[in-house]
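Q: Curious how this folds, go ahead:
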Amino acid sequence: MVPTTFGRELLGREVVDASNDKLGTMADFSVDMDTGSIVSLLVVIDQGIDPKFLPWPTSEGLLSVPVSEVSKIGSAIQLTR
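A: Numbering: from 1, shown residues only. Sure, this is the predicted structure:
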């Protein structure tokens, strides 16, 4: 799990899939209120991407990607698939 203080630094970063194709931009994150850890990234999906074909749920226009799907974090956030 990612600490919330580090999570704020990720806001606005591109989110890419395992092929390095851009899915969108990190807009927010969900926090486990008991532990204070980030449990999912909330991503604004790029235009032209249909969320129905993605393996994660959407809510209020944001894609909810579990932290366990993050492969690495650099100038972009790369997912495992």
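Q: how near is the residue located most distally from the centre of the chain to residue 18?
A: Note on the chain: the largest separation between a C-alpha and the mean C-alpha position, by C-alpha atoms, centre = their mean, falls on residue 34 (20.6 Å). With distances taken as C-beta to C-beta, to the nearest Å, residue 34 is found 31 Å from residue 18. C-beta here means a position set from N, CA and C on the backbone, and glycine is covered the same way.
Q: residue contacts, residue 55?
A: Shown here is residue 55, whose contacts under the criterion C-beta atoms under 8 Å, 6 or more residues apart in numbering are residue 81.
Q: could you say which helix or strand contains it?
A: For residue 55, there is no enclosing helix or strand under DSSP states H and E.
Q: Numbering from 500 from now on, please.
A: From this message on, residue numbering opens at 500, which makes the last subject residue 554.
Q: confidence score at it?
A: Model confidence at residue 554, expressed as pLDDT, equals 95.
Q: bridging residues for residue 527?
A: Residues in a beta bridge with residue 527, per DSSP bridges, are residue 541.
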